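Pasting the sequence and the predicted model now:
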Amino acid sequence: KWPKGTVVFGMGLLEGNKMSSSKGNVILLADAIEEYSADVVRLFLMASAEPWQDFDWREKEVRGTQRRLEWFREFAQKVEDIKGEKLDLSNIEEVALERSIDKWMISQLNVHIKAATEALEVFQTRQALQHALFLLKKDLDHYMYRVKDLVDKKDPAVIYVLSTVLSNWIRLLAPFTPHTSEELWEKFGGEGFVSFAKWPEYDEELISEEIERSESLVQNIVKDINEIKNIVDTDPEKIHLYLAPDWKWELYKIADEVGKPDIGQIMGRAIGQNIYDNKKEIANVAKKISKEMTKTRYIGKIDEATILNDAKEFIEAEVESEVVIHTDDSYDPQNKARNAMPYKPAIFME
């Protein structure tokens, strides 16, 4: 049978220089495997360059790859420790997820499965590993930080999310680190050999831009509050968050439909639809939205009240103050509520 495709491999470099046996600057594959293991060598080579590109063997980066693989082993064990009993990856008990952060992690997992799968289909091993290892680890680190207070409580949702991530992650890395993946698959209850296990499948319905924006909302709030605290050099007892009223969301939607920062057209449609009585205020907000829409894409209204209340304890711990979330301006001593915009609540400290 004819091969499905051919690839011309790139040259090998050593610490930035062309390998040459006559100059003695070569590293033998057998020596590299003996020192670092076959999985580390495979992982480094496929992560450092696409197959047709030149790779550069750098000891410092190889050792970094070795540490990442050791971390992955430790993470697998940590999931079992969090559960408090032996993992069975072939029989993960499903849990209905309610918290936004849990849904976010599952969404990101599916994003990376999709990207890694599409990259491997065109032999882009480096691109595949960016998602199958590095970016997925970045998202997992963020998730672990967000749920750090739940880790010791054997929270069912956290255990389900971490078990699901691990099951998919081992299979994602199997082409790159076959020995480690087989070992972990067997140790933590995978069925059969991981090399014969079904490749992870992404679910488009679990990939949610709304969930992604929800988590960005939480992180941006924490960032904005701490920046304000540093600027004014204060430690407030209470931090009030004011959410944008419905008419501002409707105005943002109109701006998105217009498709460009045309204030006159946005205003005309808004007045025609009678979204708000105060035309001057509509004009002011339309100007803000016209500037913001080039940076923040409209994805529809998100339930900011539920999202922020869900993350309230986390936000309070991060900003070290009590947080009060307002859906109206019934308490607004400094008239800050009028600054609230979709995806960007207004902040008042006292």
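Now that the structure is in, tell me what you want to look at.

Now for Q53, how many residues are close by?
Using other Cβ atoms under 10 Å, Q53 is surrounded by 12 other residues. Heads up, the C-betas are built off the backbone N, CA and C, glycines and all.

Also D203?
The burial count for D203: 12, using other Cβ under 10 Å.

List the contacts of it.
D203 sits next to N110 when contact means Cβ atoms under 8 Å, 6 or more residues apart in numbering.

ok, it to I106 distance?
9 Å (Cβ to Cβ, to the nearest Å).

cool, D329 as well?
For D329 relative to I106 (Cβ to Cβ), the value is 36 Å.

same deal with D303?
Distance from D303 to I106, by Cβ to Cβ: 18 Å.

which of these two has more neighbours?
Shown here are D303 and I106; by other Cβ under 10 Å, I106 has more neighbours (21 against 13).

what's around the residue nearest to R269 when sequence neighbours are not counted, how many residues?
Once flanking residues are discounted, R269 sits nearest to I254: 4.9 Å by Cβ to Cβ, 6 or more residues apart in numbering. Around I254 sit 22 other residues, with neighbours defined as other Cβ under 10 Å.

List phi and psi for I254.
Main-chain dihedrals, I254, degrees, to the nearest 10: phi -60, psi -40.

how about it, what does it touch?
Contacts of I254 (Cβ under 8 Å, 6+ apart): 266, 269-270, 273, 275.

Relative to the whole chain's centre, how far out is stretch 229-243?
For stretch 229-243, the separation from the chain centroid amounts to 27 Å (computed by Cα atoms, centre = their mean, to the nearest Å).

mind listing the helices for the chain?
For the chain, the helices defined by DSSP state H occupy 29-36, 38-48, 59-83, 100-120, 125-129, 136-146, 156-173, 178-187, 209-232, 246-258, 263-272, 279-292, 304-310, 312-319.

Check which helices and strands the longest one is in contact with.
If you count contacts as 3 or more Cβ pairs under 8 Å, 6 or more residues apart in numbering; DSSP states H and E, helix 59-83 packs onto helix 29-36, helix 38-48, helix 136-146, helix 156-173, helix 178-187.

Now find how far off-centre it is within its chain.
Averaging C-alpha positions (Cα atoms, centre = their mean) puts helix 59-83 19 Å from its chain's average.

Over to the shortest one?
Mean C-alpha position of helix 125-129 versus that of the full chain (Cα atoms, centre = their mean) differs by 17 Å.

same check, this time on stretch 228-237
For stretch 228-237, the distance to the chain centre is 29 Å (Cα atoms, centre = their mean).

what do you get for stretch 274-281?
38 Å.

What mean pLDDT does that stretch get?
The average pLDDT for stretch 274-281 rounds to 93.

end to end, how far does it reach?
End-to-end distance for stretch 274-281, by Cα to Cα, to the nearest Å: 13 Å.

Please apply the same query to stretch 141-155.
17 Å.

Let me see the residues that make contact with it.
Against stretch 141-155 from outside (Cβ under 8 Å, 6+ apart): 82-84, 101-102, 104-105, 108, 158, 161, 311, 313-314, 317.

if we go to 7 Å?
Contacts with stretch 141-155, where a contact means Cβ atoms under 7 Å, 6 or more residues apart in numbering, come from 82, 84, 101, 105, 158, 314.
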